[in-house]
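> please work out how this folds:
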Amino acid sequence: MNNDRITRPLLAALLCVAGGAVQAQSSISVGSPYTQNFDTLANLGTANTWTDNTSPLQGWYAARTSGAATTYRAGTGSENTGAIYSFGSLSSSERSLGSLPSGSTGTICYGLRLTNTGSTFDGFEIAYTGEQWRNGGNTTPQTVSFHYRVVPTGTSIALGCGTTTDWTAVTDLNFTGPIATETAGALDGNIGANRLARSANISSSVSSGSEIWLRWSDGDDSGTDHGLSIDDLTVTATTAIPTLSINNVSQVEGNSGITNFAFTVSLSAPAPAGGVSFDINSADGTADAWGQRLSVD
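Numbering: from 1, shown residues only. Predicted coordinates for the structure are as follows:
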């Protein structure tokens, strides 16, 4: 028997499976939100490897308008080196993803690629916490800007760092650092004064298999830059609540006994997961109308 004919196709199949696993994107569907607390980021090191869509965060991408985004630093906000950062307290496993731009990095962008693995949904809600880990000694507040895209299955795109073409801005999801004084130094982004919750509902139909791209952009501002980050991200698929209609029914009921009425209840759209519930009552809002008893089964 020639074993090569068996083992070689098997090896090729295994390599294909392994390659597909490496390229797996993060997913979202109705009833299955995406969450990320960034605690898998390194808490030490100044040249930690960043590989788009793989490590340290599956489904996440990074880019710079100057130079390659292939590494990131772990920091507390005490340094002013331009880079992508894993911000947090010294050696703490509680991390956030952020940036501190400089002339050598230009604008820094980081973003998430999500695939809808379920049925079509009408929109999505995004919630996260913006944190400031460094006051750069600049009295001008600085902002991390948010944009998103929804693209069909198989569309080849990149973060497009530095451009807004084909991206939609959502100002409610921008994060402006709360601290901007002349005194440069580290801040604790986990303290209430140095963080801000951001959220928004986005109305954009996402068909099965389509992708949502979310992008945060931190520009190289005039003067020294503050250290800003995002944490505790949740992305939830939303569906419109169907409107309900009931047909009119006329029937002679007589003066005694029980008369049954059959009504047809229609929905403007398919019921979401969990179904639809509704209340019904008589026209005047009570169980008794015109001196008669109304019963609904």
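> ok now stretch 224-244, how far from the chain's centre?
Offset of stretch 224-244 from its chain centre (CA atoms, centre = their mean, to the nearest Å): 5 Å.
> end to end, how far does that stretch reach?
Criterion CA to CA, to the nearest Å; first-to-last residue distance in stretch 224-244 is 56 Å.
> give me the element the spatially closest residue to Thr171 that is not a sequence neighbour is part of.
Leaving out its chain neighbours, the residue that sits closest to Thr171 by CB to CB, 6 or more residues apart in numbering is Phe146, at 7.9 Å. To be clear about C-beta, it is placed using only N, CA and C from the backbone, and glycine gets the same treatment. Using DSSP states H and E, Phe146 falls within strand 143-151.
> so how far is Glu125 from the spatially most central residue of the chain?
In the chain, the residue lying closest to the centroid (CA atoms, centre = their mean) is Val235, at 3.5 Å. Separation of Val235 from Glu125 (CB to CB, to the nearest Å): 7 Å.
> same question for Leu57.
For Leu57, the distance to Glu125 (CB to CB) stands at 21 Å.
> over to Thr234?
Taking CB to CB, one finds Thr234 at 8 Å from Glu125.
> before we move on, back to that, okay, Leu57 and Glu125: which has more neighbours?
For Leu57 versus Glu125, the count of surrounding residues by other CB atoms under 10 Å is larger for Leu57: 20 against 14.
> ok, for Val151, nearest residue in space, not its chain neighbours?
Nearest residue to Val151, sequence neighbours excluded (CB to CB, 6+ apart): Glu211, at 5.2 Å.
> how about Gly227?
The shortest distance from Gly227 to any residue other than its chain neighbours is 3.1 Å, reached at Arg134 (CB to CB, 6+ apart).
> next, count neighbours for the one you found.
Neighbours of Arg134 using other CB under 10 Å come to 29.
> before we move on, back to that, residues near the residue nearest to Thr171, how many?
Phe146 has 25 nearby residues by other CB under 10 Å.
> what does Ser205 give?
11.
> can you tell me how far it sits from Trp167?
Distance from Ser205 to Trp167, by CB to CB: 17 Å.
> and the residue nearest to Val151, how many neighbours?
20.
> state the distance from it to Gln25.
Using CB to CB, Glu211 is found at 7 Å from Gln25.
> so what sits against both of those two?
Arg113, Leu114, Thr115 (CB atoms under 8 Å, 6 or more residues apart in numbering).
> list the contacts of the first one.
The reference is to Arg113. Arg113 makes contact with Gln25, Ser26, Asn53, Gly59, Trp60, Tyr61, Glu211, Ile212, Trp213, according to CB under 8 Å, 6+ apart.
> if we can go back for a sec, give me the next element, helix or strand, following the strand holding Phe146.
strand 168-169.
> so which elements touch that next one?
Judged by 3 or more CB pairs under 8 Å, 6 or more residues apart in numbering; DSSP states H and E, strand 168-169 is in contact with strand 143-151.
> what helices or strands is the strand it packs on leaning on?
Against strand 143-151 (3+ CB pairs under 8 Å, 6+ apart) you get strand 168-169, strand 175-176, strand 195-206, strand 211-218.
> what angle do the last one and strand 143-151 make?
Compare the direction of strand 211-218 with that of strand 143-151 by axes from the mean of the first three to the mean of the last three CA atoms, to 10 degrees and you get 160 degrees.
> which elements pack onto strand 211-218?
Going by 3+ CB pairs under 8 Å, 6+ apart, strand 211-218 lies up against strand 96-100, strand 108-116, strand 143-151, strand 227-238.
> helices along this structure, start to end?
If DSSP state H is used as the criterion, the helices of the chain fall at 4-22.
> care to break it down by domain?
By the assignment in automatic domain parsing, the chain contains the domains 22-238, 241-297.
> right, so the ones you listed: which one is the most enclosed?
Among those, ranked by average contacts under mean count of other CB atoms under 10 Å, first place goes to domain 22-238 (a mean of 18).
> to the chain's geometric centre, what's the distance from it?
Counting by CA atoms, centre = their mean, domain 22-238 is centred 10 Å from the centre of its parent chain.
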